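> give me a 3D structure for the following:
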Amino acid sequence: MSKITVNIDDARCDLAAIFRWSARESMHEGIANHFSYAISDDGQQFLMNPLGVHFSKMRASDLLILDAGKSPSEYDKKVDPTAWWIHSAMHRNNPQARCIVHLHSHYATALSALQDPSLPPVDQTSCRYFNRVAVDIGFNGMGLDAEAERLATLLGNKRMVMMGNHGFMTVAESPALAFDLAYYYERGCRTYLTALSTGAPLAILPDEIAEKTARQWENQDAQVEEHLSAIRNILDEEEPEYRH
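Just a heads-up that it's a prediction; the model follows:
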């Protein structure tokens, strides 16, 4: 297996940018929720946001370097125990999950509260996730100890876990793709729940059309860097301190 080279400075800036943009999009919960990015080949070492820094104020230098092989008790109060358990378990058990975005965004979390928390293909955006989300309905607490390990076994070959009664997480090779998946998932959930609220019958797309569209989305994954670049261009002008 080829060695993975990570530019830590770039990784810090990319993560800080998507933290701030998540706040602008009202996809955050203040200082709760976490993003992480593996900086070692095996995923053992990773960057993650500290406890107590608001998403809207995150800076590249705020991000901590943590080790999945340690215990949260070995770190000071800057590390949220639930975040450490969930992210360390995901990185340790899924080395392909380089970047993890975990959110309790409004519409996705509302969907997670339904008896069936899956997102059907009701429009072009929701088609992106057709048969591509691991859906968990076994919520068993705040992601500590065994619950974190259980969550880490659900991903398989997918890029997303819909965490029933909790929220969701996306995983990808880069912050750009992990955020792009999260951003459009929230928008797909918003469209679906808004359509449901009308009480009118849903126009759920046929499986073959949903699968075709999902593959077209995957062909567009190469463009996600442009999305992050556009975000960083705005932040470079309006909040350049995110890079420091």
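> which residues touch the nearest residue to E225 once chain neighbours are set aside?
In space, and not counting its chain neighbours, E225 is closest to A176: 4.9 Å by CB to CB, 6 or more residues apart in numbering. Heads up, the C-betas are built off the backbone N, CA and C, glycines and all. Taking CB atoms under 8 Å, 6 or more residues apart in numbering, we find A176 in contact with D14, V224, E225, H227, L228.
> between those, which is closest to S71?
D14 (28.1 Å; CB to CB).
> and for Q96, the neighbour number?
13 (other CB atoms under 10 Å).
> quick one: the top helix by length along the chain to chain centroid distance?
Secondary structure of the chain read by DSSP state H shows that its longest helix is helix 175-197. When C-alpha coordinates are averaged (CA atoms, centre = their mean, to the nearest Å), helix 175-197 and its chain have centres 11 Å apart.
> then the helix or strand following that helix to PDB, C-alphas only?
As assigned by DSSP states H and E, the chain's next helix or strand after helix 175-197 is helix 207-219. Extracted C-alpha coordinates of helix 207-219, given in PDB (Å, rounded to 0.1, in the frame of the first residue of the first chain):
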ATOM      1  CA  ASP A 207     -34.600   2.600  -8.300                       C
ATOM      2  CA  GLU A 208     -32.900   2.500 -11.800                       C
ATOM      3  CA  ILE A 209     -33.200   6.300 -12.100                       C
ATOM      4  CA  ALA A 210     -32.000   6.900  -8.600                       C
ATOM      5  CA  GLU A 211     -29.000   4.600  -9.200                       C
ATOM      6  CA  LYS A 212     -28.100   6.300 -12.500                       C
ATOM      7  CA  THR A 213     -28.200   9.700 -10.800                       C
ATOM      8  CA  ALA A 214     -26.100   8.500  -7.900                       C
ATOM      9  CA  ARG A 215     -23.400   7.300 -10.200                       C
ATOM     10  CA  GLN A 216     -23.600  10.700 -12.100                       C
ATOM     11  CA  TRP A 217     -23.000  12.300  -8.700                       C
ATOM     12  CA  GLU A 218     -20.000  10.100  -8.100                       C
ATOM     13  CA  ASN A 219     -18.500  11.200 -11.400                       C
END
